[in-house]
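Provided below are the primary sequence and the corresponding predicted coordinates.
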Amino acid sequence: MSLLLAPWIRLSLLIVLLAAAGVGVWLYEPQRLLAQGWPPGLPVGAGVLLFAVAYGLCTAAFVPRPLLNLGAGAVFGAQWGLPAAVAGTVLGAGISFGLGRVMGQEALRPLLRGRWLRAADGQLSRHGFRSVLAVRIFPGVPFAVANYCAAVSRCGWLPFLLATAIGTVPNTAAYVVAGGTAASPTSPAFLVSLGFIAMSGLLAAAVAWRKRHQVTGSLAAQGTPVVGGVPHGP
């Protein structure tokens, strides 16, 4: 029993579980059911709840959130699609965070030896809400990666979930509106949402480029060798 509770055994089980979830998504494409196979005549409240649960499970299984957000808009429109998508986002983030915290943290924390890894861990541990909020507002870091990085750190549950709920609203709303108005591609709502998505993508790329050069410069000033933008050394 003690062997099964060993950190590396739990991490290996987490990797197997995530790999199985990814293969299942690739084979069965459950995200299509959210938009194409929804039960007719289902009450809106029950539909929103079921959609949020399905959304959360799909997100934890690496289904891209933009597809799910577009599906939320197509199924419910902006009024109910946004609450369903945000609730599903928080649920999926919580599932990933919990899995990473329980099954991977103890095995991975001893590997945080490089300066840049320790800096990222310290930022998430000391300023969890602010750091997660920035990552969610500027979606340059993949959703699943951010979830598991936060899980390995000492970021608390409440700051993580609250920052996720708040920070994902703008981008989620843009995709939901785009999904709800896709049948009218020349409508102002669709064009505005599409423009917001494009602008947020460009802004995220600019922020990522700036942060990369800031980190590179900081590491170089500390004497850490940097090759091709990747830090080397202890």
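Received, thanks.

list the buried ones in stretch 55-70?
Using 16 or more other C-beta atoms under 10 Å as the test for burial, stretch 55-70 gives 55-63, 65-70. (C-beta placed from N, C-alpha, C; glycine too.)

Show me the strands in the chain, by range?
In the chain, the strands defined using DSSP state E lie at 226-227, 230-231.

Low-confidence stretches in the protein?
By pLDDT under 70, the weakly predicted segments of the chain are 1-18, 20-40, 104-122, 139, 207-208, 210-234.

Next, work out how far apart the closest residue to residue 147 other than its chain neighbours and residue 178 are.
Using C-beta to C-beta, 6 or more residues apart in numbering and skipping residues adjacent in sequence, the residue nearest residue 147 is residue 96, 3.7 Å away. Per C-beta to C-beta, to the nearest Å, residue 96 is found 25 Å from residue 178.

So which other helices or strands are in contact with the helix ranked longest in the chain?
Looking across the chain with DSSP state H, the single longest helix is helix 65-103. Under the contact criterion of 3 or more C-beta pairs under 8 Å, 6 or more residues apart in numbering; DSSP states H and E, helix 65-103 touches helix 7-28, helix 31-36, helix 44-60, helix 143-152, helix 157-167, helix 169-180.

10 Å - rerun?
Counting contacts by 3 or more C-beta pairs under 10 Å, 6 or more residues apart in numbering; DSSP states H and E, helix 65-103 is packed against helix 7-28, helix 31-36, helix 44-60, helix 128-137, helix 143-152, helix 157-167, helix 169-180, helix 188-221.

The fourth one versus helix 157-167: what angle between them?
Per axes from the mean of the first three to the mean of the last three C-alpha atoms, to 10 degrees, the angle that helix 128-137 makes with helix 157-167 is 30 degrees.

Give me the packing partners of helix 128-137, helices and strands only.
Here helix 128-137 touches helix 65-103, helix 115-126, helix 143-152, helix 157-167, helix 169-180, helix 188-221, going by 3+ C-beta pairs under 10 Å, 6+ apart.

mind running it again at 7 Å?
Applying 3 or more C-beta pairs under 7 Å, 6 or more residues apart in numbering; DSSP states H and E, we find helix 128-137 packed against helix 157-167.

Which residue is the nearest non-sequential neighbour of residue 192?
Nearest-residue entry for residue 192: residue 177, 7.7 Å, with adjacent residues in sequence omitted and distances by C-beta to C-beta, 6+ apart.

go on, residue 89?
Nearest residue to residue 89, sequence neighbours excluded (C-beta to C-beta, 6+ apart): residue 168, at 5.1 Å.

again, but for residue 88
residue 55 (2.6 Å).
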